[in-house]
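Undergrad: Everything below, folded, please.
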Amino acid sequence: KTPSFTVFPDNQSFFCFGCEAGGDAFTFIMRMENLDYKGSIEFLAKRGGVDLPTDGREERRGVSRKRVFEMNLIAARFWRECLFDPNIGKVGMEYLTEKRGLPLSIIRRFGIGYAPNDFGALTAVLRKNGFSDEEMKEAFLCGISQKSGRAFDMFRDRVMFPVFDNTGNVIAFSGRDVGGQDNRKYVNSSDTPAFQKRRNLFALNFAKNHCADQLILCEGNIDVVSLHAAGFENAVASLGTALTDEQARVLAKYTKQVILAYDSDEAGVNAANKAMRLLGAVGVEVRVLKMQGAKDPDEFIKKFGRDKFARLLEVSEADTEYRLLQAQNGLDISQDEGRVAYLERAVN
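TA: Numbering: from 1, shown residues only. Reported below is the predicted structural model:
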């Protein structure tokens, strides 16, 4: 209600008398854009049109962040072209538009693409652009065969979801199997010089502008994209892994309340319990969606529509209420034994 954020031009610092956050321009960018110190320097240099000097040490240690960004951008553009090529991306486009019901506008907005079922499609493109096999491997875009020593595409026959940081760089990918030839539903980028899975979230670059009061945390990328397509632009996902304490701290920077929209299966329940603990530890209010008649947000919206999902958000359960309801599972609380067992679970 009263201004509390103050900038001090004399010593080029800021201080918020409301939350007691303070520091210099780099600290401000680190907090606002979820970047480390080096990332904040690069962000401000790019904004100011300044070329940062290099001494070659980063290149001697391995592939640089800049090279990874360049490779990822080329890969994202290549896979997007493949998706929109009817001779190559038909299976990917059918999955997105017919099976998932996504409009082309949202597919383009998220930069979704298709990695063809070809062991050398992307590696050939990257080689033409001057990248070595070792650089591609470090960026998790190719693997090296132990038998032949040849490079092969890490992502094949998958719908590709690029992951962006808050400055617009493509930092990683999440690939969803559509051909049925791989028993892994998703393959996600491992950590690279440009990406740390444990501290990044899918679609935060979009959601950060819509999540001041509330943020929806999903399990899968497709749930997030479907929610954005339905107008719920405050949805993110944790990139195929259970929520980490670092991701919880990131979320706490952007919102006051997180609604968990995890799958209703056992794995989803376990992930929700962990997320509640981590988010509670950083002071974020947690609520849980109870989706009856659907296993995830994507299915719920397709069955019942966006308006019912909006009402579902309004009646989401507080974390304590959710835990107490979970404690009843498998118990007959009409009997004394069941009630005693329930009470034991509830107090633990």
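Undergrad: drop to CA atoms for contacts and neighbour counts, all remaining ones
TA: OK.
Undergrad: ok, which stretches of the stretch 51-200 of the chain are strands?
TA: Ranges of strands in the stretch 51-200 of the chain, per DSSP state E, counting those that start in this stretch, are 113-115, 142-144, 151-153, 158-164, 170-177, 186-188.
Undergrad: out of the ones you listed, which comes closest to Phe202?
TA: strand 158-164 (5.8 Å; C-alpha to C-alpha).
Undergrad: what is the orientation angle of the longest helix out of those in the chain with strand 158-164?
TA: Identified as the longest helix of the chain according to DSSP state H is helix 65-83. Using axes from the mean of the first three to the mean of the last three C-alpha atoms, to 10 degrees, one finds that helix 65-83 and strand 158-164 are set 140 degrees apart in direction.
Undergrad: Packing partners of helix 65-83?
TA: helix 90-94, strand 113-115, helix 121-128, strand 170-177 (3 or more C-alpha pairs under 8 Å, 6 or more residues apart in numbering; DSSP states H and E).
Undergrad: Of those, which stretch is the most buried?
TA: Ranked by average neighbour count under the criterion mean count of other C-alpha atoms under 10 Å, the helices and strands packed on helix 65-83 are headed by strand 113-115 at a mean of 29.
Undergrad: strands paired with that strand, and their directions?
TA: strand 158-164 (antiparallel) (DSSP bridges).
Undergrad: any chance of the helices and strands packed on helix 65-83 in JSON lines, plus mean pLDDT?
TA: JSON lines is the format used below for the helices and strands packed on helix 65-83 (pLDDT from 0 to 100):
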{"stretch": "helix 90-94", "mean pLDDT": "96"}
{"stretch": "strand 113-115", "mean pLDDT": "98"}
{"stretch": "helix 121-128", "mean pLDDT": "97"}
{"stretch": "strand 170-177", "mean pLDDT": "95"}
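Undergrad: Turn those into JSON lines, columns for distance to Met276.
TA: Shown next, in JSON lines, are the helices and strands packed on helix 65-83 (distance: least, C-alpha to C-alpha, whole Å):
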{"stretch": "helix 90-94", "distance to Met276": "35"}
{"stretch": "strand 113-115", "distance to Met276": "33"}
{"stretch": "helix 121-128", "distance to Met276": "40"}
{"stretch": "strand 170-177", "distance to Met276": "25"}
